[in-house]
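*Asks:* requesting a structural model of the entry that follows:
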Amino acid sequence: MHKILLVEDDTIIASGLVYALEKEGFFVVHSATITAAVAAVSAHKFDAAVLDVGLPDGIGFSLVDGLRAIGASVLFLTAVDDEGNIVRAFEAGAEDFVTKPFRLGELMARIKAILRRRSGGGNMITLGKVSINISEGKVYTNNVTIELTALEYRLLLVFAGHKGQTLTRGQILNLIWDSEGIFVEDNTLTVYIKRLREKLGTNVTIETVRGVGYRANDN
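*Replies:* As a prediction, this is how the structure comes out:
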């Protein structure tokens with residue numbers, strides 16, 4: 001049974017999440033403060049943690065190092081359209097984020113995806129008509145290999161990990177930097193996305209959201 005730490009001070013949100021997580025078979029420890037969460041981390045070896053950013057006695061970012069030290073994956077709950085917090089979440093070491101207000105089904109799917117990656121069950125992921133073999137670092141469509149550069153491949157992974165979600169240019173740049181140590185200038189990002197679109201063709205739809213960023217959808 002996977003152990004999940006939930007750090008959320010909103011009692012209504014917390015009670016709903018605890019109920020939903022336990023219904024899915026998870027062992028859940030809920031903490032409403034940083035202090036309580038630190039004590040919980042000392043007492044349990046968690047597989048994953050869902051952290052709110054703003055808490056009564058501090059910010060969720062301060063918990064990441066302790067959680068990563070015990071091998072726990074981290075997913076942040078952040079305020080709507082708060083790009084600063086989203087970027088900081090990834091810089092702190094989070095594997096994913098969900099903005100408030102959120103859809104429960106989406107949050108559950110993201111938690112399960114994180115846990116699958118931990119257990120090695122996420123070697124194959126899909127986006128549109130494209131299959132990505134993570135263990136081999138290869139991309140296919142109709143059993144034909146699509147040759148991508150390292151950066152194009154990383155961009156595809158970012159979009160595959162956030163299907164249907166609008167990502168700002170800043171978020172995409174941060175995800176690339178955070179994961180691979182690659183620095184990409186903002187104006188260069190446009191070029192790489194153009195190349196990725198050309199190579200994927202109609203197999204994946206990467207939509208430009210004017211004035212915001214990009215969104216990839218399953219066809």
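
*Asks:* how many neighbours does Glu198 have?
*Replies:* 9 (other Cβ atoms under 10 Å). For the C-beta atoms, the positions are set from N, CA and C on the backbone; glycine is no exception.

*Asks:* whoops, Gly211 was the one
*Replies:* 6.

*Asks:* also Gly25?
*Replies:* By other Cβ under 10 Å, 8 other residues sit near Gly25.

*Asks:* quick one: pLDDT of it?
*Replies:* Predicted confidence (pLDDT) for Gly25: 91.

*Asks:* I'd say it and Met1 touch.
*Replies:* Yes - Gly25 is in contact with Met1 according to Cβ atoms under 8 Å; the separation is 6.5 Å.

*Asks:* any idea which helix or strand comes after the least confident helix or strand in the chain by mean pLDDT?
*Replies:* Ranked by mean pLDDT, DSSP states H and E, the helix or strand of the chain with the weakest confidence is helix 169-180, at a mean of 70. Sequence order places helix 186-200 as the next helix or strand after helix 169-180, per DSSP states H and E.

*Asks:* packing partners of that next one?
*Replies:* Under the contact definition 3 or more Cβ pairs under 8 Å, 6 or more residues apart in numbering; DSSP states H and E, helix 186-200 sits against helix 150-161, helix 169-180, strand 205-209.

*Asks:* in the first one, what counts as buried?
*Replies:* This points to helix 150-161. Leu151, Glu152, Tyr153, Arg154, Leu155, Leu156, Leu157, Val158, Phe159, Ala160, Gly161 (16 or more other Cβ atoms under 10 Å).

*Asks:* next one: stretch 22-32
*Replies:* Neighbour-count burial for stretch 22-32 flags Phe26, Val28, Val29, His30, Ser31, Ala32 (criterion: 16+ other Cβ under 10 Å).

*Asks:* of the residues you listed, which pair is most distant in space?
*Replies:* Phe26 and Ala32 (18.4 Å; Cβ to Cβ).

*Asks:* helices of this protein, residue ranges please.
*Replies:* Using DSSP state H, the helices found in the chain span residues 11-23, 34-43, 64-69, 83-92, 104-119, 150-161, 169-180, 186-200.
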